Structures are given as structure tokens and as C-alpha cells.
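Novice: Test case, fold it:
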Amino acid sequence: MAAILSEYSWLKDAWLPLAALIWGGWTYFRQSFRRLSIRQVGGSVTDRVTRVGDTITTFQVEVAITNDSPHATVVIAYYHLELPWNEPEFEPLPDPVPGNVYKMPGSSLEWQREWVLNHRRYQFGKLEPGDCFRGIFLARGHNPLPRDLVVRDGIEIQFVVQDTQGKTYKRPVTLWPQFW
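Specialist: This next block holds a predicted model:
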């Protein structure tokens, strides 16, 4: 009987730290279920790659990004496009604050800030579970689109999102070349 009481006494003293350890492990494990889904929602009018003059190539793609995590908030750090040709000077268009209008270089095309994803990063890029951003990602580069990649069905590239925890999410999207 004394052995049973001593085991009970040990269990009585250890249950709170054991419960805290289990809860901490579960919380860490639950946070690792960070998922974003990316869908291309534009078409041949909004999703395109265009050569402007001799020095600028512009990119625009309309996507929806949803936080499919059951409990984790995801904060977006940056957006990028992985292209099937070498483009070392690729860069997203910068936030136009205070003008509130994104302007495509070398073109008269403009977008209101609320329609564009480029600035939805860090403090503006928080997605709670179930939240969604929908908008156009705008970027530019300098190397021309190789002629051998121009096809009727568009060019498949990778749209990339990275969160502040370093996790990368990719989705193939199609851009249609605008002939110049």
C-alpha cells in the first residue's frame, strides 16, 4: 500500500509540469501547420509579360493568396517570379506611397494601390486563418523575353511567396506575351 501511495504522490507532483510540456509541444506542432494556397485568378488581359522599348520588360499577374492554416497567422515577407530565362535585375515595383498609384515604367498603365499586392508585406501582409489577399503583382526586369518561349498558350512561370518564418510557397502561373 505504501508503494501505491508513493507512486500517487509522484504523479500528483508531476502532472502540472507534464501537462505544460504536452501543451507546449502541441502548440509548437500546431504552429508548424502553416499553409498558403495561391490561385491565378486573372487571364490573358491581366496576366502578361511586355517588352517596353529596348530596356524594360514588365510583368503583371493577378492572384489570390489564402491562409489555409488551421490556427497560424502567416505574415508575407516577399513576392517573386521564377522565370525560365535569366533575369538578374528582376524587381517588384516599389510602393508608390504617397501617390497611391502604381505606374508601370515606360507605359501609361496605372493601378490603384489597393488593387496591387506588392506592398502587402510585413505589417500589411498579415493573413489570419481563412483570410485572403487578391490583387495584381507588378514587377520589371531588363532582359527581353526569349523568342523561343513565345507560344500561343502563354509562358508558365512560378509565382513565389515567402513568409517571415522563411517558408516558401510556389504556384505555376501563366503569363501571356504582349507583342511589341
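
Novice: Can you get me a residue count around the residue nearest to D153 when sequence neighbours are not counted?
Specialist: With sequence-adjacent residues excluded and distances taken as Cβ to Cβ, 6 or more residues apart in numbering, D153 is closest to T174, at 7.4 Å. For the C-beta atoms, the positions are set from N, CA and C on the backbone; glycine is no exception. Using other Cβ atoms under 10 Å, T174 is surrounded by 16 other residues.

Novice: for the host helix or strand of T174, which positions count as buried?
Specialist: Per DSSP states H and E, T174 falls inside strand 168-178. Judged by neighbour count using 16 or more other Cβ atoms under 10 Å, the buried positions of strand 168-178 are Y169, R171, V173, T174, L175, W176, P177.

Novice: that older thread, identify all residues paired with the residue nearest to D153 through a beta bridge.
Specialist: Judged by DSSP bridges, the bridge partners of T174 are E156.

Novice: how about L149, what does it touch?
Specialist: Each residue near L149 by Cβ atoms under 8 Å, 6 or more residues apart in numbering is listed here: P84, W85, I155, P177.

Novice: Once you drop chain neighbours, what's closest to the most centrally placed residue in the chain?
Specialist: With distances taken as Cα atoms, centre = their mean, V161 lies nearest the centre of the chain, 2.6 Å away. Once flanking residues are discounted, V161 sits nearest to Y169: 4.7 Å by Cβ to Cβ, 6+ apart.

Novice: Domain parsing of this protein, as residue ranges.
Specialist: Per automatic domain parsing, the structural domains of the chain span 1-32, 36-178.

Novice: Tell me which of these sits most buried.
Specialist: domain 36-178 (a mean of 16; mean count of other Cβ atoms under 10 Å).

Novice: Roughly how far does the residue lying closest to G53 once chain neighbours are set aside sit from V41?
Specialist: Excluding its sequence neighbours, the residue lying closest to G53 (Cβ to Cβ, 6+ apart) is G106, at 5.5 Å. The spacing between G106 and V41, counted by Cβ to Cβ, to the nearest Å, is 26 Å.

Novice: what do you get for G53?
Specialist: For G53, the distance to V41 - Cβ to Cβ - is 29 Å.

Novice: and what of E87?
Specialist: For E87 relative to V41 (Cβ to Cβ), the value is 24 Å.

Novice: ditto for R51
Specialist: Distance from R51 to V41, by Cβ to Cβ: 25 Å.
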